[in-house]
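> Quick one, structure for this:
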Amino acid sequence: MLFISWGFVVFFIMVLAGLRVMPTRESRQGLLLVASAVFYGSHTPWHLLILAAPSLVDFACAVRIEETDDPAMRKRWLVFSLVSNLGLLGYFKYADFFADSIAGLFGLTTVPLGLALPLGISFFTFKTLSYTIDVYRREMPACRSMWRYAMFVSYFPELIAGPIVRASVFLPQMDRALQPSRERATVGLQLILLGVTKKLFVADRLATLVNPVFATPEAYSQFTVLSAVVAYSLQIYCDFSGYSDMAIGVSRIIGFDLPENFNMPYLARSITDFWRRWHITLSQWLRDYLYIPLGGNRKGARRTFINLFLTMLLGGLWHGAAWTFVVWGLLHGVGLAIHKLWSEHVSHGRRPFRGIVGWLTTYSFVCVAWVFFRASDFSTAIVMLEKIAGLIPGGATWVYLPFLLILPLVVAAHAAGSWVAAQEKKTNTAPETWVPAPAFASSIYDEPDRGIALRPHRAAGLYMLLPRPGFVGAFVVTVWVVGLFLFSPVHTRPFIYFQF
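As a prediction, the model looks like this:
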């Protein structure tokens, strides 16, 4: 059940109607748990067992960890949780990959298991792992309600492709009333419309250029291959951040506030800054549960570089069971290490890359890495890079008109977001003090004590789609929706991160 489908629209309306009529908070939580099971089971019903397995194991392990003060016993329960979760992930996602790799190393042949990858297994595995680790570290208490914990694991808006929400963020919000309101619907619908626009108008349109060029790059000219690489950088960003926008918007309407997952990553002026902006919840997870436990930067420069390599290499492998993903992660690890080395030992405290030079260097590096991420194999990736470098001449030149129309719009949107960020930094005030929210929705932004991340990000695109209530706001929404229908592809494509 895709977010961008009439089936989901009907499903979500039924969920909201149920939340409005349910008499108690507990009954509304039960409704959301059932709705999450229906949402996930609509793809492959028996995969609900795979979703339930880590829920039961980690719930029990966390309680046992909290109940004992014996360090050895606490560690045993943590290891049991880690092994069971990673074992499940490894079996379904990496069994064929490692078997083929080992067989190829020794010249053997294997029979693939042909396992269907459960949707979102990488995402909900990281969610459950973070919970047991946090309880082990005594950073949060164990959840004593199996139903509340099951709700955390299976919550449908972010279950399949994030953001990766931690239990310490989600569980406290379950004390809310969880009744849809006009104010929350206003904000949530803006984010949903923004996400739909990114997905349909940008990502799915650009796939028409990206897919054939990456399939046979030798058949196209240098200009076309370079255009496809740039187009893919926009496609994957708008596809993934579009899903995050919709997930956050749907949750906002329901009553939960999910963490921000993207912050205009292509404005980054260093690879370190890029990873502060791209897939933020994954970056923070890798930092807190992998990089820092490995030693972080506390054990000297050499160990720091090794930790960066290992963290990003495993981060690349998390994305997919292929060596191209490993190389993508390794490239980013090398980039992070080089930037850290330059910043600390070469530039002597000066900012080494500033302005257009820093941005162009970072964006070019990211695009080169995206070639390996998107290519089906190494030979395709090498041909793509050789084409871009002009080492393989010839090929057909394809000027894809929608790309030439979309690119300026994306640049303009980033420029607007950058201007908003600069104004906020300049005035040191919240953006809504000079970009006012609609009066009837302003209360949702003015109550920071109500929960987590109620204040929208300055560059989220809010207030640009629904500037005010009444006729003008309705007119803007109508024109926007009609434009999506007119200029979006006839057939929608699955979200890219569903494969992970």
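> in the longest helix along the chain, what counts as buried?
Ranked by residue count and defined by DSSP state H, the top helix of the chain is helix 71-105. By neighbour count on 16 or more other Cβ atoms under 10 Å, the buried set for helix 71-105 is 74, 77-78, 80-82, 84-85, 88-89, 92-93, 96-97, 100. For glycine as for every other residue, the C-beta is placed from the backbone atoms N, C-alpha and C.
> What is the burial count for Arg298?
10 (other Cβ atoms under 10 Å).
> so which helix or strand takes in it?
Arg298 belongs to no helix or strand when assigned by DSSP states H and E.
> Contacts only, for it.
Counting by Cβ atoms under 8 Å, 6 or more residues apart in numbering, Arg298 makes contact with nothing.
> Roughly how far does it sit from Gly333?
As judged by Cβ to Cβ, to the nearest Å, Arg298 and Gly333 stand 18 Å apart.
> Give me the below-cutoff pLDDT ranges for the stretch 101-250 of the chain.
111-112 (pLDDT under 70).
> So which residues of it form helices?
121-136, 146-154, 167-170, 182-196, 204-215, 222-254 (DSSP state H, counting those that start in this stretch).
> and the angle from the first one to helix 71-105?
Put plainly, it is helix 121-136. Angular relation of helix 121-136 and helix 71-105 on a 0 to 180 degree scale: 160 degrees, by axes from the mean of the first three to the mean of the last three Cα atoms, to 10 degrees.
> which secondary structure elements does helix 121-136 contact?
helix 47-67, helix 71-105, helix 146-154, helix 167-170, helix 280-286, helix 301-319 (3 or more Cβ pairs under 8 Å, 6 or more residues apart in numbering; DSSP states H and E).
> so how far is the longest helix of the chain from its chain's centroid?
The chain centre lies 23 Å from the centre of helix 71-105; the measure is Cα atoms, centre = their mean, to the nearest Å.
> What helices and strands are in contact with it?
Partner elements for helix 71-105 (3+ Cβ pairs under 8 Å, 6+ apart): helix 47-67, helix 121-136.
> got the angle between that helix and helix 47-67?
140 degrees.
> that older thread, wait, which of the helices of the stretch 101-250 of the chain is closest to Phe11?
helix 222-254 (10.7 Å; Cβ to Cβ).
> okay, the helix or strand following that closest one in CSV with CA atoms only?
As assigned by DSSP H and E, the chain's next helix or strand after helix 222-254 is helix 271-277. The C-alpha coordinates for helix 271-277 follow below in CSV (Å, rounded to 0.1, in the frame of the first residue of the first chain):
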residue,chain,number,x,y,z
ILE,A,271,31.0,15.9,3.1
THR,A,272,30.7,16.1,6.9
ASP,A,273,28.1,18.8,6.5
PHE,A,274,26.3,16.6,3.9
TRP,A,275,25.9,13.8,6.4
ARG,A,276,24.5,16.2,9.0
ARG,A,277,21.8,17.0,6.4
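> Please list the outside residues in contact with helix 271-277.
Under Cβ under 8 Å, 6+ apart, the answer for helix 271-277 is 262-265, 267-268, 283, 332, 335-336, 339-340, 343, 362, 365-366.
> Closest one of the residues you listed to Asp69?
Comparing those against Asp69 with Cβ to Cβ picks out Ser283 as the nearest, at 33.5 Å.
> one step back: among the buried residues of helix 71-105, which pair sits farthest apart?
Within the buried residues of helix 71-105, two members stand farthest from each other by Cβ to Cβ: Arg74 and Asp100, at 37.6 Å.
> So which of the helices and strands packed on helix 121-136 is nearest Lys198?
Nearest of the helices and strands packed on helix 121-136 to Lys198, taken as Cβ to Cβ: helix 280-286 at 16.5 Å.
> May I have the residues that are in contact with the spatially most central residue of the chain?
Nearest residue to the geometric centre of the chain (Cα atoms, centre = their mean): His279, 4.6 Å. Residues in contact with His279 (Cβ under 8 Å, 6+ apart) are Gly162, Phe240, Asn261, Phe262.
> Kindly reformat these as TSV containing neighbour count and distance to Phe373.
Below are the contacts of His279 laid out as TSV (neighbours: other Cβ atoms under 10 Å; distance: Cβ to Cβ, whole Å):
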residue	neighbour count	distance to Phe373
Gly162	28	17
Phe240	23	12
Asn261	25	18
Phe262	23	16
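> farthest-separated two in these?
Gly162 and Phe262 (10.4 Å).
> shared neighbours, the two?
Common neighbours of Gly162 and Phe262 (Cβ under 8 Å, 6+ apart) are Ser244, His279.
> What's the local residue count around Gly329?
Neighbours of Gly329 using other Cβ under 10 Å come to 25.
> Does it lie in a helix or a strand, and which?
With DSSP H and E as the test, Gly329 turns up in helix 323-341.
> same for that helix, what does it pack against?
helix 271-277, helix 301-319, helix 355-374, helix 378-389.
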